[in-house]
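Colleague: Show me how the following folds:
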Amino acid sequence: MSTSTDSVAESGGKPATPWHLWVVGILATIWNSGGAVDYTMTQTRNEAYMSGFTPEHLEYFYSFPAWADAVWAMGVWGAFIGSLLLLLRSRYAIIAFGISLVGLIGSTIHQMIADMPPSLNTPGIWLFTAAIWLSVILLIWYARNMIAKRVLR
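Modeller: Alright, predicted model coming up:
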């Protein structure tokens, strides 16, 4: 495995896949699959999954307006698909991450204006939201760098 994106693979003159692409892609896929599972279980109202929440939490989750559900889907599925596209070395990963960012902006707006139960409006929830922001921004930055180095095609 090459550690440099400047080296060229013998076939096709394409840059070799750097080892860190696999690390970032796999970690991003694992991280973003958590959001995909959470979204799917909440939208399908999976009883086993949702049983860990209080009635107050469930009322909040199930009362999201359609636009909030839509931007949540954009954020979650954009990030998950972008992570898979990274692993496939596709330049379209950046578009998927961009869609995810738009979804995250909308989801954060909803989070800020919604009547969130006090038990969900905690510093921990906001720190988790900040971690999601950081991950999307870093993935966009990483994908842009990999496109510039011609690793993503």
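Colleague: which parts of stretch 33-40 are buried?
Modeller: By neighbour count on 16 or more other Cβ atoms under 10 Å, the buried set for stretch 33-40 is Gly35, Ala36, Tyr39. Placement of C-beta: from N, CA and C, glycine included.
Colleague: Settle this for me: the last one is touching Ala70, isn't it.
Modeller: No. Contact criterion Cβ atoms under 8 Å: Tyr39 and Ala70 do not qualify, at 11.4 Å.
Colleague: For stretch 124-141, buried residues please.
Modeller: Those would be Ile132, Ser135, Val136, Leu139, Ile140, for stretch 124-141 by 16+ other Cβ under 10 Å.
Colleague: Report the backbone C-alpha coordinates of that stretch in CSV.
Modeller: C-alpha atoms of stretch 124-141 as CSV (Å, rounded to 0.1, in the frame of the first residue of the first chain):
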residue,chain,number,x,y,z
GLY,A,124,-24.6,16.7,26.1
ILE,A,125,-27.1,17.0,23.2
TRP,A,126,-25.5,20.2,22.1
LEU,A,127,-22.0,18.7,22.3
PHE,A,128,-23.2,15.8,20.2
THR,A,129,-24.6,18.2,17.7
ALA,A,130,-21.2,20.0,17.6
ALA,A,131,-19.5,16.6,17.0
ILE,A,132,-21.8,16.0,14.0
TRP,A,133,-21.0,19.5,12.7
LEU,A,134,-17.3,18.8,13.1
SER,A,135,-17.5,15.4,11.4
VAL,A,136,-19.3,16.8,8.3
ILE,A,137,-17.0,19.8,7.9
LEU,A,138,-13.9,17.5,8.2
LEU,A,139,-15.3,15.1,5.7
ILE,A,140,-16.0,17.9,3.2
TRP,A,141,-12.5,19.1,3.7
